[in-house]
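K.L.:
what follows is a protein structure lacking sequence information:
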Ligand SMILES: Cc1cc2nc3c(=O)[nH]c(=O)nc-3n(C[C@H](O)[C@H](O)[C@H](O)COP(=O)(O)OP(=O)(O)OC[C@H]3O[C@@H](n4cnc5c(N)ncnc54)[C@H](O)[C@@H]3O)c2cc1C
């Protein structure tokens, strides 16, 4: 990576950040015949490296369909399947998901919702209390959610970065914003690289980007525990009861995740570990002996209005943002990168709900 060949020296697009958004964007732009250079620092925190990659079409306290999920799901499945075939990896895993009701009102609400035709494709059987799997606490009943999956994000990133390296489209370094200058003809100069445009896909680190001060980001810290537990036998399904429990097979599991808007460090904490173990005790009737293999922490790149932030810098032509994937990057990134590429290369309008301009158009001062 130290040597820079002609292809690397003259990209159309410089992408900052080799996380989920950056890698998927580079993949799409290259597929469209564009020359890209991704500048990423794999020693720095990356939410996708700690995320479980769960895609859940029915979320939140009220168990409603996630925003745009009917469009996001097919795009996600198609994109990940295509990448799997191209790179010879297996990272997209459809999996049943069972969510446990928290009280009687929850059960009634889900009963009503399961008669709503809009939910026919995602809500499955409603089981009365005690009819869930034997090992699980089930005082209020549970229901199946269809269309869920998990995307194994660390191997996806590893394979996509390796592919970029092989194509001389990747530079392993921390992007120094102060080294980015606007050159002649509107081109952007970064050290020895000249590019027509620069797209910042920095996740939560965008809060330190001097080109976008006061961005409407609201990062949320999250922690998960991966553990092995030979005494825990469960059907192949994600179980959601306050926290989610994801079985990987061969006695390995992950429980997640915590939400903390105050502590914006990226280090694992004893308090979150205790909360996750407490969450596990709420899911299981009895917690068998387990061995914690990984305790991971990261920052979700969330935004004040819980929508992605995509689009051009209001003044500096050629600078763009693709961020704000929050806690749902696995489902959002495929469609958001496609819409951005359609905008960049084919002048398609951005979705007003995700367009960065929604902030400064509403507030011209
Ligand atoms: C604990 C936890 C659990 C999660 N679980 C899920 C889940 O189950 N399902 C789901 O869909 N999502 C989940 N998420 C959210 C998901 O991880 C994010 O939505 C997604 O990773 C966002 O992608 P991104 O590319 O915008 O940011 P990131 O994945 O964080 O990538 C940004 C990249 O940019 C790099 N970077 C930043 N600045 C620079 C610089 N100056 N120079 C070089 N590189 C730079 C970073 O190092 C990083 O590699 C979870 C997140 C956390 C923290």
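P.N.:
Structure received. The shown structure was predicted, so the numbers you read here are calculated from the model rather than taken from an experiment.
K.L.:
wait, does whichever strand or helix holds residue 278 contact the ligand?
P.N.:
Residue 278 belongs to helix 270-283 when elements are defined using DSSP states H and E. No. Residues of helix 270-283 are not located near the ligand by C-beta under 6 Å from any ligand atom, the shortest gap being 9.3 Å. C-beta coordinates here come from the backbone N, C-alpha and C atoms, glycine included.
K.L.:
and what of stretch 206-214?
P.N.:
No. Contact between stretch 206-214 and the ligand is absent, the nearest approach being 7.3 Å (criterion: C-beta under 6 Å from any ligand atom).
K.L.:
can you give me the offset of that stretch from its chain's centre?
P.N.:
20 Å (C-alpha atoms, centre = their mean, to the nearest Å).
K.L.:
sort out which residues of stretch 205-212 are buried, please.
P.N.:
205, 206, 207, 209, 212 (16 or more other C-beta atoms under 10 Å).
K.L.:
how about low-confidence regions in the chain?
P.N.:
Where the chain drops to pLDDT under 70, the residues are 1-9, 361-365.
K.L.:
and the residue in it that the ligand sits nearest to, how many neighbours does it have?
P.N.:
Residue nearest to the ligand within the chain: residue 19 (1.7 Å; C-beta to the nearest ligand atom). By the criterion of other C-beta atoms under 10 Å, residue 19 has 27 neighbours.
K.L.:
and for residue 272?
P.N.:
22.
K.L.:
from what I see, it and residue 223 are in contact.
P.N.:
Yes. Between residue 272 and residue 223 there is a contact at 3.9 Å, judged by C-beta atoms under 8 Å.
K.L.:
list the contacts of the residue of the chain closest to the ligand.
P.N.:
40, 46, 47, 48, 49, 157, 201, 202, 203 (C-beta atoms under 8 Å, 6 or more residues apart in numbering).
K.L.:
count the residues that sit near the third one.
P.N.:
Going back to what we said before, that points to residue 47. 27.
K.L.:
look up which residues are beta-bridged to residue 126.
P.N.:
residue 143 (DSSP bridges).
K.L.:
mind checking which of the contacts of residue 19 are in strands?
P.N.:
Those of the contacts of residue 19 mapping onto strands are residue 40, per DSSP state E.
K.L.:
could I get the contacts of residue 19 in TSV, plus columns for distance to the ligand?
P.N.:
Output for those, formatted as TSV (distance: C-beta to the nearest ligand atom, whole Å):
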residue	distance to the ligand
40	5
46	3
47	3
48	3
49	7
157	8
201	5
202	3
203	3
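K.L.:
and the contacts of residue 19, which of them are in helices?
P.N.:
47, 48, 49, 157 (DSSP state H).
K.L.:
PyMOL command for the buried members of these?
P.N.:
To isolate the buried ones among the ones in helices among the contacts of residue 19 in PyMOL, judged by 16+ other C-beta under 10 Å, type:
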select buried, resi 47+48+49+157
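K.L.:
reformat the ones in helices among the contacts of residue 19 as TSV; add distance to residue 27.
P.N.:
Listed next are the ones in helices among the contacts of residue 19 as TSV, based on distance: C-beta to C-beta, whole Å:
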residue	distance to residue 27
47	18
48	14
49	18
157	11
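K.L.:
related to what we said a few turns ago, so what touches the helix or strand following the helix holding residue 278?
P.N.:
Next helix or strand after helix 270-283 toward the C-terminus (DSSP H and E): strand 291-300. Under the criterion C-beta under 8 Å, 6+ apart, residues 45-47, 49-51, 203-204, 219-229, 252, 264-269, 272-273, 326-327 lie in contact with strand 291-300.
K.L.:
tell me if strand 291-300 is near the ligand.
P.N.:
Yes. Strand 291-300 lies within reach of the ligand by C-beta under 6 Å from any ligand atom, at 298, 299, 300.
K.L.:
what subset of those is buried?
P.N.:
298, 299, 300.
K.L.:
show me the domain layout of the chain.
P.N.:
6-50+154-215+305-360, 97-145, 220-300 (automatic domain parsing).
K.L.:
just say which of those is most tucked in.
P.N.:
domain 6-50+154-215+305-360 (a mean of 19; mean count of other C-beta atoms under 10 Å).
K.L.:
in what helix or strand does residue 98 lie?
P.N.:
In the assignment (DSSP H and E), residue 98 maps to strand 97-100.
K.L.:
go on, residue 267?
P.N.:
Judged by DSSP H and E, residue 267 forms part of no helix or strand.
K.L.:
that one and residue 80, how far apart?
P.N.:
Distance of residue 267 to residue 80, given as C-beta to C-beta, to the nearest Å: 30 Å.
K.L.:
got it, and residue 226?
P.N.:
21 Å.
K.L.:
at the geometric centre of this protein, which residue sits there?
P.N.:
For the chain, the residue nearest the mean C-alpha position is residue 329 (2.0 Å; C-alpha atoms, centre = their mean).
K.L.:
ok, that one - contacts?
P.N.:
Counting by C-beta under 8 Å, 6+ apart, residue 329 has contacts 20, 21, 47, 48, 51, 301.
K.L.:
the same query, at a cut-off of 10 Å, please.
P.N.:
Residues counted as contacts of residue 329 (C-beta atoms under 10 Å, 6 or more residues apart in numbering) are 19-21, 24, 47-48, 51, 53, 55, 151, 153, 203, 300-301, 308, 336.
K.L.:
and residue 302, what does it touch?
P.N.:
Here residue 302 is in contact with 204, 217-220, 222, 259, 261, 324-328 (criterion: C-beta under 10 Å, 6+ apart).
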